[in-house]
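Visitor: Need a 3D model of the following:
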Amino acid sequence: MTATNAQSGNYSYVTVPTKFVEANGIKFAYRSYGKEGDIPVIYFNHLTANLDNCDPRIMDAIAANRQIISFDYRGVGATTGDQGTSIPDMAKDAIAFIHALGYKQVDIVAFSMGGFITQELLLIEPTLARKIVLAGTGPRGGKGVSDVVGLTYKDIFKGLFTFRDPKFYLFFTQNKVGKAAARDFLKRLKERTENRDKKVKLSVLKKQLKAIKNWGNDKPADLSVFKHPVLVVNGDNDRMVPTPNSYDLANRFTNSEIVIYPNSGHGGIFQYHEEFLKKALPFLTK
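Guide: Okay, the predicted model is just below:
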């Protein structure tokens, strides 16, 4: 199967329909639109994220230049199956999904846990990726990566008590600038009002957090063998995947560059989406 859509250029992320493709015995939910070509951009999302957790501003800007595809991991949102119990298993599913769409090579934009999965994808099938953007993420075994479990539960409960989305606390600094950026981001995620994705189950959170904890405690991988162009980006005050991991990750790749946004946290690319796109789009299109 080859992913084509003659009307894809007429969509925005708010209106693009959800499609399905089968791979590894799983029916994957995905959204695909933009300027078609031989090499699409695949977006790898974060912990407990479904299709509605992609920032429309970032997706639409990429779609104006490239074909952009987002997808639900196994057992997440409208994708069938049981949630993968390890980061390498999630990478194997992603590889199967990409091949099922008919692509032999892709560019990747990965955020948070999506960056963990992308690194495992490289180890399994390095030629599948061409260019890679890694945002708010770090290397396997990185300092503080396994601590995300306690932090996530803490901010989930905080969100329940304050009637806020946990991402308000997890992704953004809690000063005036960060809170304003959080409100803007969460508002953008609600712009799609029809044909929204299925809600993510609590069991998915538990299994993904366990997978992240195990991955964070595992031995680091040798990323120096990869020559892929890599752009590493983050905020300067990331609490979920501490910012020093971004520097560590960039140093582990032999062909990388790094951008750190000031006064921002884990969701630096969402707070600084315009600045991020000014850097990411030339990187992906040159």
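Visitor: quick one, strands of the stretch 151-286 of the chain?
Guide: Secondary structure of the stretch 151-286 of the chain, counting by DSSP state E, counting those that start in this stretch: strands at 230-235, 256-261.
Visitor: Quick one: mean pLDDT over the last one.
Guide: In other words, strand 256-261. On average, the pLDDT along strand 256-261 is 98.
Visitor: Contacts for that strand next, please.
Guide: With contacts defined as Cβ atoms under 8 Å, 6 or more residues apart in numbering, strand 256-261 is touched by 229-236, 243, 246-247, 249-250, 268-269, 271-272, 275-276, 279. Quick note: C-beta positions are derived from backbone N, CA and C, even for glycine.
Visitor: change it to 10 Å
Guide: Outside strand 256-261, the residues that touch it by Cβ atoms under 10 Å, 6 or more residues apart in numbering are 132, 134-135, 223, 226, 228-238, 243, 246-247, 249-251, 267-269, 271-272, 275-276, 279-280, 283.
Visitor: now the residues you listed: which count as buried?
Guide: The neighbour-count test (16 or more other Cβ atoms under 10 Å) applied to the contacts of strand 256-261 identifies 132, 134-135, 223, 226, 228-235, 237-238, 243, 246, 249-250, 267-269, 271-272, 276, 279-280, 283 as buried.
Visitor: Apart from its neighbours in sequence, what residue is nearest the most centrally placed residue in the chain?
Guide: For the chain, the residue sitting closest to the mean C-alpha position, by Cα atoms, centre = their mean, is N45 at 2.7 Å. With Cβ to Cβ, 6 or more residues apart in numbering as the criterion, N45 has its nearest non-adjacent residue at 5.3 Å, and that residue is G114.
Visitor: Secondary structure class of the spatially closest residue to H273 that is not a sequence neighbour, three-state.
Guide: Nearest non-adjacent residue to H273, counting by Cβ to Cβ, 6+ apart: R57, 4.9 Å away. Assigned with DSSP: H, G, I helix; E, B strand; the rest coil, R57 falls in the helix class.
Visitor: now swap in F28 and tell me
Guide: Look at F28: counting by three-state DSSP, its state is strand.
Visitor: just checking, it touches A78?
Guide: Yes - contact status for F28 versus A78: in contact at 8.8 Å, counting by Cβ atoms under 10 Å.
Visitor: Report the set of residues contacting both of these two.
Guide: Common neighbours of F28 and A78 (criterion: Cβ under 10 Å, 6+ apart): F20, D72.
Visitor: of these two, who's got more company?
Guide: Between F28 and A78, counted using other Cβ atoms under 10 Å, F28 has the larger neighbour count: 27 against 16.
Visitor: re the thing from before, please report phi then psi for the residue nearest to N45.
Guide: phi -60, psi -30 (degrees, to the nearest 10).
Visitor: How about the contacts made by G235?
Guide: 135-136, 171-173, 178, 181, 243, 246, 260-272.
Visitor: Please enumerate the helices of the chain.
Guide: Ranges of helices in the chain, per DSSP state H, are 56-63, 87-100, 113-124, 148-162, 167-170, 176-188, 202-216, 244-252, 268-271, 273-285.
Visitor: what's the least confident stretch among the ones you listed?
Guide: Minimum mean pLDDT among the helices of the chain: helix 148-162, a mean of 86.
Visitor: Centre of the chain to it, how far?
Guide: Taking Cα atoms, centre = their mean, to the nearest Å, one finds helix 148-162 lying 20 Å from the centre of the chain it belongs to.
Visitor: In that helix, which residues are buried?
Guide: V148, V149, T152, D155, I156, G159.
Visitor: just to revisit the earlier point, any chance of TSV for the helices of the chain, columns distance to D38?
Guide: Formatted as TSV, those follow (distance: least, Cβ to Cβ, whole Å):
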stretch	distance to D38
helix 56-63	16
helix 87-100	13
helix 113-124	19
helix 148-162	36
helix 167-170	34
helix 176-188	30
helix 202-216	32
helix 244-252	28
helix 268-271	26
helix 273-285	14
